[in-house]
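> Let me see the structure of the following:
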Amino acid sequence: MKIDIDQPTRTNNFYRTRDLSEASYIYASGRKLSQLENSNGIAWFIFEDEGRCKKLADAFWSGKSTINAREYSNAMRNLKNLIFSRI
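Numbers count the residues shown, from 1 in each chain. Predicted coordinates:
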């Protein structure tokens with residue numbers, strides 16, 4: 001998976017989360033990671049398409065998520081690698 005995070009953060013139509021599990025689910029579901037932001041040692045994942053991401057987050061937190069386990073695991077590994085490459 002290619003991670004493009006060089007775009008500046010815009011305030012509208014972007015979804016932010018600091019939860020790695022939620023971010024992994026959103027990323028594995030095909031949403032584009034726009035930026036990784038570090039705020040006082042907390043990694044914020046910023047995704048495009050706020051509306052779709054909110055629906056995915058709701059499905060994740062309500063236990064109604066459906067995603068291939070390998071895709072989820074790969075997404076989490078990629079996001080962790082991204083975090084630790086920035087430390």
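> can you give me the strands for this structure?
Here the chain has its strands, by DSSP state E, at 14-17, 33-39, 42-48.
> between these, which gets nearest to residue 63?
Counting by C-beta to C-beta, residue 63 lies closest to strand 14-17 out of these; the figure is 17.3 Å. To be clear about C-beta, it is placed using only N, CA and C from the backbone, and glycine gets the same treatment.
> what sits against the residue most central in space within the chain?
The residue lying closest to the centre of the chain (C-alpha atoms, centre = their mean) is residue 23, at 3.2 Å. Residue 23 sits next to 17, 33, 45, 47, 79 when contact means C-beta atoms under 8 Å, 6 or more residues apart in numbering.
> change it to 7 Å
17, 45, 79 (C-beta atoms under 7 Å, 6 or more residues apart in numbering).
> now swap in residue 68 and tell me
Contacts of residue 68 by C-beta under 7 Å, 6+ apart: none found.
> Distance check, it against residue 44.
Distance, residue 68 to residue 44, by C-beta to C-beta, to the nearest Å: 26 Å.
> okay, now residue 37: neighbour count?
14 (other C-beta atoms under 10 Å).
> Equivalent analysis for residue 29, please.
20.
> Residue 46 now?
Neighbour count of residue 46, defined by other C-beta under 10 Å: 20.
> same deal with the one 5 residues further on?
Summarising burial for residue 51: neighbours were counted as other C-beta under 10 Å, giving 9.
> list the buried ones in stretch 12-32?
By neighbour count, with 16 or more other C-beta atoms under 10 Å as the criterion, the buried positions of stretch 12-32 are 14-17, 22-29, 31.
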